[in-house]
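**Student:** Build me a model:
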Amino acid sequence: MHDDRTLTERRLARVLDQRLRPAVHARSLPLEVSAHHISGEPVPVSEGIAGPYEPVATGSSWGPAWSTSWFRIRGTVPAEWAGERVEAVLDLGFGATQPGFSAEGLVYRADGTPVKALNPRNTWLLIAERAEGGEDFEFHIEAAANPLIFDFDAAGDPFVPTRAGDVAPWLRADGTARAAEEPLYRLTRMDLAVFDRTVWELVQDLDVLSGLMHQLPDDSTRRSRIRHAVSGALDAIDLQDIGGTAGAARALLAPALAAPAHASAHRVSAVGHAHIDTAWLWPVRETVRKAARTVSNVTALMDDHPGFRFVMSQAQQLAWLKEERPEVYARVREKVATGQFLPTGSLWVEPDTNLSGGESLVRQFVHGKRFYLEEFGVETRDMWLPDTFGYNAALPQLMKLAGIDWFLTQKISWNTTNAFPHHTFWWEGIDGSRIFSHFPPVDSYNGDLSGADIGHTERNFRDKGAANRSLVPFGYGDGGGGPTREMLARADRLADLEGSAKVELEGPADFFTRAQQEYADAPVWVGELYLELHRGTLTSQLATKQGNRRCEHLLREAELWSATATVRTGEPYPYAALDRIWKTVLLQQFHDILPGSSIAWVHRETEQAHREAARELNAIVEAAQRALAGSPDADGGEVVFNAAPHDRDGIPALGAVPRDTPPRTVPVRTGLDGGFVLDNGLVRVTVDGRGLITSAYDLTAGREALAPGTVGNLLQLHQDFPNQWDAWDIDAFYRNTVRDLVQADEVTTDGDAVEVVRSVNGSRIRQRLSLGEGARRLDIDTTVDWREREKILKAAFPFDLRAGHSTGEIPFGHVQRPTHSNTSWDAARFEICAHRFLHLAEPGWGTALVNDSTYGHDVTHDVRHDGGTTTTARLSLLRAPLFPDPEADQGEHRFRYGLVIGADIGDAVREGYRFNLAERTVPGTAAVAPLVGVDHSGVVIEAVKLADDGSGDVIVRLYESLGGRATTTLHAGFPLATATVTDLLERPLAEEPEPAVTDDRVPLALRPFQIITVRLTPRG
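**Tutor:** Numbers count the residues shown, from 1 in each chain. Predicted coordinates for the structure are as follows:
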């Protein structure tokens, strides 16, 4: 037989795209269209529907960036279309390459009832399932002119700097209106049409067979038989009478579609999904509309497809619908009741899990799970987090404590160096907790169930033989409208088809239950899931990260002092305010906000949200502390509060005492060569005339921290222009060029600190170096007027240490990472995350770097000519990417970091907390005994609050911080009736016996890094 493979397959592609798909709506006539345009913020639906409308024609331009246009469509179904399914085809001018990210619309009836969304690959609207002929209709479309910030499928560089993401582009800086920008879109098709069901079904048949055919080996019998069937079907189609011949063509394809799958075929659980970034290339206000559009789409699809299941994984988005779009939310509740709409994921938003603090992650679970429980009576059992930039090693324990059994992501498939070895596995955290986990081998969270998707899923699945089941999340996200009827048609045809995996529509719980039964002995991955990409997100948009860090610690303070004031004085506990502020902070931890990878609009709103949260939290803290401190005396006495979990300068952890003399810094002495010396009897730091640290000496150990011939606090400037993903990525080659900032404009002292001023290009850096009495920590307070572009600023500390690993703080513990690059896995970790501290040591002695807002670090080591080892730790202080925010990080910044000389892990933990939780001074005379306390230095109290149920019980969350076992006693500073170990939602843990209470004390034993939440019920 002659080889006609290429000829037939190319013929199919052309006929399908150019003839058959257009023939689905071949009989059509134009609609009557009118419009009115809104240049600023969206208006309420009732106002938008009310007009005023003016007639417009197909081809008319509309939509300057971020504006909204309301279109009204009217028409009458022709009498000759009686008995037909009639649809409107409404193409607002969608781009041809993207399923989302650009214009979108939501269709309403005249009474304001939402119908469905319009998206680039979903442009139809049902007018009549079986038309009578002659019926009139009217619909309204709220169309959003969202600009295409960048095009993933663009032939050129999609990461081109743009101002399209600036804040409210229709306003000038002074608040006055700008002249209207050029419209972005043009109405392409606004027609009434007959939907030809037979032609549509033929298109789906050919689409599935074509997709399958291209996944099969060229020489396979099955591929040849499909191609033969397709060739016959194409011959049967009269291109001048497609509707009249489509049925015959389908009959010829039927045998190829009826051939059953092999008994051993891979099994795919197809889960409807639409990944909607809570903010990214659009502001939060647009996400509310994106969620409304997508939910309207999928609930309408459920009406026609009872077997369709759809998951929604961010409680915040549903809460927005409840508050702002109750008519859409009512449909959610309806479909949750039928089991089609599946709340999932257990989180308030899908957060960044590198940067979010431990207690923040707890509250993500608490608020997410509680919303689903209270709204729908659903106890979610999975953590669905397909798209964030790495996963910290505390998460398995947090999931367990939140009642979660399963974890899903696919982001690690984006690794650029090492392929992850498993798709189904047990993930083990730092404490030993294990979670059954799955990475969908489709390598996407926007699947479309195409032949390419399903073929790649089966070929890519790394656990073949031992397991035979995987999950595919399918649906267009981020404005694509979710799953489509075409995807469901593919699922139907792929349920049992020879040559393909078997596809079944179901929910995550169905998949995980069967997968775990099948593969209970899956392999184990221990430790963090490090993403070998997007390392720049540890540093981009410093102001966003600073605001988050500050609010996290303010929330700790607000809960601690409010709980203490309520128990001790009866001061009302601010339940509602704290709940609201927590949700605000959790929202800003979304995985494109906190990492710094959103447009300017998003980050400016985030910074304002953090400022407002901080203002309100400071007011809550001050009110509680005033209630506790008592009345000031005539001498103006002051009470000093310590919110840190360790005693400090005579102030108990979580308590307060009157104090007359504040702690002091040591005076600066003039050194040799125009430099300065800071010496407090414990450590001595020498700063030379260039403002560089030439010695950091531990006087008690008799040891120099810095390597011979090096300087500490060396600011280094690198070119930072990654190959792609500007705000997201730091590529390893950035290290190839560096500029050491060794020249100083000024090196002076005011007696309490050394002040150093440096200039580089258009930027100015001012640092203040100080050392407290009795402290081992040198504080470096830095102010920068940052004007660099595509640069990264680092601070280097070359230590005289042979440290085989660094130890970086993560939520509720720490992880160790090699300082060498022996393997490709080690080499790929050239930028790492640490929260409040990074520790380096060799047996018997170490150092730590602490910070108040830095997350990105790198650690390297080298062997010197003298045989010693220099281990260099660097903090990543600032970046300056140009995309997607061309003004990222520009302007004034203030941040602090510190060098702890002679520190073990316990010292690093303690100094990290102290550095981020400053003492507070309030007029008064009363000492405040801690509400709770522990008697083991390695056990850290992370949160003290009142129970969310309003019972007045005190909730204490603590953890073992050093990586060893600990036995401690929890002391209650009030009469205690009972103590109960709970889950994160403050419910008793069935497997944990109630601890004994003796004299208001509760004995506890903790495993390494174990987290325990205790509910304390006051007596009487």
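**Student:** Strands of the stretch 251-400 of the chain, residue ranges please.
**Tutor:** In the stretch 251-400 of the chain, the strands defined using DSSP state E, counting those that start in this stretch lie at 267-272, 310-314, 341-347, 382-384.
**Student:** who's in contact with the shortest one?
**Tutor:** Strand 382-384 is contacted from outside by 311, 313, 344-347, 350, 395, 399, 404-408, 435, 508-509, 512, using Cβ atoms under 8 Å, 6 or more residues apart in numbering. Yep, even glycine has a C-beta here, placed from its N, CA and C like the rest.
**Student:** how about a cut-off of 10 Å?
**Tutor:** 271, 273, 275, 311-314, 342, 344-347, 350, 353, 364-365, 368, 391, 395-396, 398-399, 402, 404-409, 435-438, 445, 473, 507-509, 511-512 (Cβ atoms under 10 Å, 6 or more residues apart in numbering).
**Student:** Direction included, what does it pair against?
**Tutor:** Sheet pairing for strand 382-384, assigned by DSSP bridges, gives strand 406-408 (parallel).
**Student:** what distance separates the partner strand from the centre of its chain?
**Tutor:** Mean-position distance between strand 406-408 and its chain equals 16 Å (Cα atoms, centre = their mean, to the nearest Å).
**Student:** how close does residue 1018 sit to residue 12?
**Tutor:** 75 Å (Cβ to Cβ, to the nearest Å).
**Student:** circling back to that earlier point, the contacts of strand 382-384, buried ones only, as a ChimeraX selection?
**Tutor:** To isolate the buried members of the contacts of strand 382-384 in ChimeraX, using 16 or more other Cβ atoms under 10 Å:
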select :271,273,275,311,312,313,314,342,344,345,346,347,350,353,364,365,368,391,395,396,398,399,402,404,405,406,407,408,409,435,436,437,438,445,473,507,508,509,511,512
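**Student:** Using CSV, lay out the strands of the stretch 251-400 of the chain together with mean pLDDT and distance to residue 742.
**Tutor:** Formatted as CSV, the strands of the stretch 251-400 of the chain follow (pLDDT from 0 to 100; distance: least, Cβ to Cβ, whole Å):
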stretch, mean pLDDT, distance to residue 742
strand 267-272, 98, 56
strand 310-314, 97, 48
strand 341-347, 97, 46
strand 382-384, 98, 47
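**Student:** Would you mind finding the longest helix in the chain?
**Tutor:** helix 600-629 (DSSP state H).
**Student:** and it, what other elements does it pack with?
**Tutor:** helix 284-304, helix 542-569, helix 575-587, strand 638-642, strand 655-658, strand 920-923 (3 or more Cβ pairs under 10 Å, 6 or more residues apart in numbering; DSSP states H and E).
**Student:** run the last query once more with 8 Å
**Tutor:** helix 542-569, helix 575-587, strand 638-642, strand 655-658, strand 920-923 (3 or more Cβ pairs under 8 Å, 6 or more residues apart in numbering; DSSP states H and E).
**Student:** Nearest to residue 338, out of these?
**Tutor:** helix 575-587 (28.6 Å; Cβ to Cβ).
**Student:** Test for you: state the pLDDT assigned to residue 100.
**Tutor:** As predicted, residue 100 sits at a pLDDT of 83.
**Student:** right, and it touches residue 477 too?
**Tutor:** Yes. Counting by Cβ atoms under 8 Å, residue 477 is a contact partner of residue 100 at 6.5 Å.
**Student:** End to end on stretch 495-510, go ahead and measure it.
**Tutor:** 16 Å (Cα to Cα, to the nearest Å).
**Student:** And it, how far out from the chain middle?
**Tutor:** Counting by Cα atoms, centre = their mean, stretch 495-510 comes out at 29 Å from the chain centroid.
**Student:** ok, back up a step: which one's more surrounded, residue 100 and residue 477?
**Tutor:** residue 100 (27 against 23; other Cβ atoms under 10 Å).
**Student:** Quick check: which of the helices and strands packed on helix 600-629 is nearest to residue 793?
**Tutor:** The nearest among the helices and strands packed on helix 600-629, by Cβ to Cβ, is helix 542-569 at 10.2 Å.
**Student:** got the angle for that closest one vs helix 600-629?
**Tutor:** 20 degrees (axes from the mean of the first three to the mean of the last three Cα atoms, to 10 degrees).
**Student:** helices and strands around helix 542-569, which ones?
**Tutor:** Using 3+ Cβ pairs under 8 Å, 6+ apart: helix 542-569 touches helix 358-376, helix 575-587, helix 600-629, strand 891-901, strand 939-946.
**Student:** how about JSON lines for the ones you listed, with mean pLDDT and distance to residue 533 added?
**Tutor:** Below are the helices and strands packed on helix 542-569 laid out as JSON lines (pLDDT from 0 to 100; distance: least, Cβ to Cβ, whole Å):
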{"stretch": "helix 358-376", "mean pLDDT": "98", "distance to residue 533": "22"}
{"stretch": "helix 575-587", "mean pLDDT": "98", "distance to residue 533": "25"}
{"stretch": "helix 600-629", "mean pLDDT": "98", "distance to residue 533": "21"}
{"stretch": "strand 891-901", "mean pLDDT": "98", "distance to residue 533": "26"}
{"stretch": "strand 939-946", "mean pLDDT": "98", "distance to residue 533": "31"}
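**Student:** Contacts only, for the spatially closest residue to residue 402 that is not a sequence neighbour.
**Tutor:** Residue nearest to residue 402 in three dimensions, not counting chain neighbours: residue 365, with 3.9 Å by Cβ to Cβ, 6 or more residues apart in numbering. Applying Cβ under 8 Å, 6+ apart, we find residue 365 in contact with 346, 347, 398, 399, 402, 404, 984, 985.
**Student:** List the ones among these that fall in helices.
**Tutor:** Per DSSP H, the contacts of residue 365 map to helices at 398, 399.
**Student:** which one of the contacts of residue 365 sits closest to residue 635?
**Tutor:** Closest to residue 635, out of all of the contacts of residue 365 and judged by Cβ to Cβ, is residue 984, at 46.0 Å.
**Student:** Correct me if wrong: the closest one contacts residue 1013.
**Tutor:** Yes. Assessed by Cβ under 8 Å, residue 984 is found in contact with residue 1013 at 6.4 Å.
**Student:** Could you tell me which residues touch both of those two?
**Tutor:** Common neighbours of residue 984 and residue 1013 (Cβ under 8 Å, 6+ apart) are residue 401.
**Student:** ok so, going back, closest one to residue 927 among the strands of the stretch 251-400 of the chain?
**Tutor:** strand 341-347 (40.9 Å).
**Student:** Can you show me the helices along the stretch 901-1020 of the chain?
**Tutor:** 905-916 (DSSP state H, counting those that start in this stretch).
**Student:** low pLDDT regions in it?
**Tutor:** Across the stretch 901-1020 of the chain, no stretch falls below the confidence threshold (pLDDT under 70).
**Student:** got it, and the stretch 501-650 of the chain?
**Tutor:** Scanning the stretch 501-650 of the chain with the threshold set as pLDDT under 70 gives 634.
**Student:** neighbour count winner among residue 1018 and residue 12?
**Tutor:** Remark: of residue 1018 and residue 12, residue 12 carries more neighbours, 21 against 16, as counted by other Cβ under 10 Å.
**Student:** mind checking the SS state of the more buried one?
**Tutor:** Under DSSP: H, G, I helix; E, B strand; the rest coil, the three-state class of residue 12 is helix.
**Student:** Correct me if wrong: it contacts residue 237.
**Tutor:** No. Using Cβ under 8 Å, residue 12 is not in contact with residue 237; the gap is 10.9 Å.
**Student:** Which residue comes closest to the residue nearest the centre of the chain once chain neighbours are left out?
**Tutor:** The centre of the chain sits closest to residue 591, judged by Cα atoms, centre = their mean, with a distance of 1.9 Å. Counting by Cβ to Cβ, 6+ apart, residue 388 is the residue found nearest to residue 591 once chain neighbours are left out, at 4.0 Å.
**Student:** Burial check on the one you found, number of neighbours?
**Tutor:** Residue 388, neighbours per other Cβ under 10 Å, totals 24.
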